[in-house]
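Student: Would you be able to build a 3D model of this:
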Amino acid sequence: MDQTPLIPGNGNEPALPVPPEFNGWRDVFSRREIAQNVAVAWLTRRQWMHRRVDQFDFQDDLLVSCRSSIDLTIPESAPIVRAPWVGTPELIGPDDQVVRVLPLFLADKGQVTVGFDLRDESNHPVSRLRAEQSGVLGGKILVTMAEKILKVRAPLPADDPLRVAAMLVARSENVSTGPNAWSQLVRTCLSEEQGKVALAHDEGFKYLVQLLAESHLMCALVPGKPNQQRILKIAADYQFVMTRRLRELMGWVDFAVEIKATHAADPASYHCHINVPAGVDIRRARLKADPATDADGALPYDIAGQTRRPRYGHFIAMNCAREHNYADCVALQMMRRGWLNAALASGLGISALLFLCWRLASSFVDAHDEASNSVHTDVVLLFATLFLASEATIITILAKSEEHRLTSEMLKLLRLAMFGLALLPFVAVLVLGFARTSDTLSTVFAILAWVSLLFLAPLFLAYSRPWRALVWIFRGRRS
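Tutor: As a prediction, the model looks like this:
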């Protein structure tokens, strides 16, 4: 048997061999019965998808590494990959088990995923549908649902405007919001044909269109039989969103990090483990629902357990509402006390020297001979040495190596403030070397002294965290 054609795997791992009669295997996923069964399996996923565990590790300031495991039981509704010709042969996987299409989660079309890898409990690679096949399957699900709602006896023809528009919605790789896709679908083919007006008022069809416009239904090709216990493991790197405004970068408030977790509502229980690099403290970890919760603050899920330590966070969410998408939200605080102590100590020393030079400007220059003022070399060398020593101290602090990219990003503004402080002693030494009148020295050092205080002001605020105090006062007044 020629087994050259392959169903793609997840990179360099082996893929499932495909017999000659499966050379047109891509057409299999556009069949009505497969679309129907995949839709049923997805709607009943909490009955067979028991638990999902996500573990997040921050790679740098942009990507987070996610290692997931899904405990499941293969449902009866999971369709078999069967060719529609040559006696309907079945695709056979390892251990002579038939291959089934199993919907696992929704993958956001706009989310950047790096190094996706799917394996089973024995660490063997598991094939999955690519975005192209997932789009075809999603479009067929939309068409099949529309046919059921309209109660048509025969499938919609291939050139039907509704069929064409539904396939475009699901197959499009362009990032489009669900409401925009729905509005366009209503305008183009639902509002003009009287026989299809019912679809425009069907909330279930509207929800499905908006869902598949923004996401692909990620399906795995899993060998097995119904009611068989399986564990699937997923590895991927995702982009995360972290607020980087002035108040976060200066340490006035905690950093807010959001990692999309639209799959949190899929299993019966969702476990989340979060690990952060050294120097970062986890303040809070929770799920954020989109759309937002009600005004009374009730969460659309139950918290079964929660643990938080400085570098590790864990929580378990149960009974997540399906009408919500979720994001894993983490509040991170940079452990910058040592940096602040060093920066303030160096800055206060520089400010004291600058104010002292301002007050003692006349002592640097001997003005007895007005024709040629002479500089007190010993005084100039003393203060120049002090300035250079303070600058060397700051540079030594900034030269810290082997720092995680995330902590480096969270220290960015503090570093910039210290670089600014390091420039002031350099300017002061130049002034001492070239100025020849006490008035010039006094004016320049007065300016430098007040500038140094401006650099120190945000560092002092980082100690007191004024934003927290304002939020606490505001909440107290509201209550």
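
Student: which parts of the longest helix along the chain are buried?
Tutor: Assignment by DSSP state H gives helix 438-464 as the longest helix of the chain. Going by neighbour count (16 or more other Cβ atoms under 10 Å), the buried part of helix 438-464 is 438, 441-442, 444-446, 448-449, 451-452, 455-456, 458-459, 462. To be clear about C-beta, it is placed using only N, CA and C from the backbone, and glycine gets the same treatment.

Student: out of those, who's nearest A35?
Tutor: A462 (56.2 Å; Cβ to Cβ).

Student: Excluding residues flanking it in the chain, which one is nearest the closest one?
Tutor: Counting by Cβ to Cβ, 6 or more residues apart in numbering, G251 is the residue found nearest to A462 once chain neighbours are left out, at 3.9 Å.

Student: Kindly report the same for A131.
Tutor: H216 (5.6 Å).

Student: check contacts around that neighbour.
Tutor: Neighbouring residues of H216 by Cβ atoms under 8 Å, 6 or more residues apart in numbering: L106, A107, K109, A131, S134, G135, G138.

Student: strands paired with the strand or helix carrying it, and their directions?
Tutor: For H216, the host element (DSSP states H and E) is strand 215-223. Strand pairing for strand 215-223, using DSSP bridges, gives strand 99-108 (antiparallel), strand 127-128 (antiparallel).

Student: I'd like to know which of those strands lies nearest to F315.
Tutor: Judging the strands paired with strand 215-223 by Cβ to Cβ, what sits closest to F315 is strand 99-108, at 18.9 Å.

Student: May I have the closest one exported as PDB, CA atoms only?
Tutor: Extracted in PDB, the C-alpha atoms of strand 99-108 (Å, rounded to 0.1, in the frame of the first residue of the first chain):
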ATOM      1  CA  VAL A  99      -9.300   8.100  13.900                       C
ATOM      2  CA  ARG A 100     -12.000  10.500  15.300                       C
ATOM      3  CA  VAL A 101     -12.400  14.300  15.000                       C
ATOM      4  CA  LEU A 102     -12.400  15.800  18.500                       C
ATOM      5  CA  PRO A 103     -13.100  19.500  19.000                       C
ATOM      6  CA  LEU A 104     -10.800  20.700  21.800                       C
ATOM      7  CA  PHE A 105     -11.000  24.500  22.100                       C
ATOM      8  CA  LEU A 106     -11.500  27.800  20.200                       C
ATOM      9  CA  ALA A 107      -8.300  29.300  18.800                       C
ATOM     10  CA  ASP A 108      -8.500  33.100  18.400                       C
END
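
Student: Show me what counts as buried in that strand.
Tutor: By 16+ other Cβ under 10 Å, the buried positions in strand 99-108 come out as V99, R100, V101, L102, P103, L104, F105, L106, A107.

Student: and which of the residues you listed is nearest to I397?
Tutor: A107 (43.9 Å).

Student: ok, back up a step: check which residues of the strand holding H216 are buried.
Tutor: So for strand 215-223, counting by 16+ other Cβ under 10 Å, buried means S215, H216, L217, M218, C219, A220, L221, V222, P223.

Student: so how far is it off the chain centroid?
Tutor: Mean-position distance between strand 215-223 and its chain equals 22 Å (Cα atoms, centre = their mean, to the nearest Å).

Student: number of nearby residues for V197?
Tutor: V197 has 13 neighbours, counted by other Cβ atoms under 10 Å.

Student: Hmm, I typed the wrong one, I wanted V330.
Tutor: For V330, the count of nearby residues is 26 (other Cβ under 10 Å).

Student: same check, this time on the one 3 residues further on
Tutor: With neighbours defined by other Cβ under 10 Å, the count for Q333 comes to 19.

Student: Distance-wise, check it relative to P458.
Tutor: Distance, Q333 to P458, by Cβ to Cβ, to the nearest Å: 17 Å.

Student: So what are the structural domains in this protein, by residue number?
Tutor: Domain ranges of the chain: 24-47+69-108+117-231, 240-333, 337-466, per automatic domain parsing.

Student: ranges for the helices of the stretch 251-400 of the chain?
Tutor: Assigned by DSSP state H, counting those that start in this stretch, the stretch 251-400 of the chain shows helices spanning 337-359, 361-364, 377-398.

Student: pretty sure C320 contacts P300?
Tutor: Yes. At 6.6 Å, C320 and P300 qualify as touching, with contact defined as Cβ atoms under 8 Å.

Student: thinking again about what came up before, rank the helices of the stretch 251-400 of the chain by pLDDT, which is bottom?
Tutor: Per-stretch mean pLDDT for these is lowest at helix 361-364 (a mean of 80).

Student: could you say what helices and strands it packs with?
Tutor: Contact analysis of helix 361-364 by 3 or more Cβ pairs under 8 Å, 6 or more residues apart in numbering; DSSP states H and E lists helix 377-398, helix 438-464 as its packing neighbours.

Student: 6 Å instead?
Tutor: Packing partners of helix 361-364 (3 or more Cβ pairs under 6 Å, 6 or more residues apart in numbering; DSSP states H and E): helix 438-464.

Student: I'd like the mean pLDDT over the helix it packs on, please.
Tutor: Mean pLDDT, computed over helix 438-464, is 85.

Student: Just the angle for that helix relative to helix 337-359, thanks.
Tutor: Following axes from the mean of the first three to the mean of the last three Cα atoms, to 10 degrees, one obtains 160 degrees for the angle between helix 438-464 and helix 337-359.

Student: how far is helix 438-464 from where the chain is centred?
Tutor: From the chain centre to the centre of helix 438-464 is a distance of 39 Å (Cα atoms, centre = their mean).

Student: With stretch 160-168 instead?
Tutor: Taking Cα atoms, centre = their mean, the mean C-alpha location of stretch 160-168 is offset from the chain mean by 33 Å.

Student: Buried ones in that stretch, by neighbour count?
Tutor: With burial defined by 16+ other Cβ under 10 Å, the residues of stretch 160-168 counted as buried are D160, L162, R163, V164, A165, A166, M167, L168.
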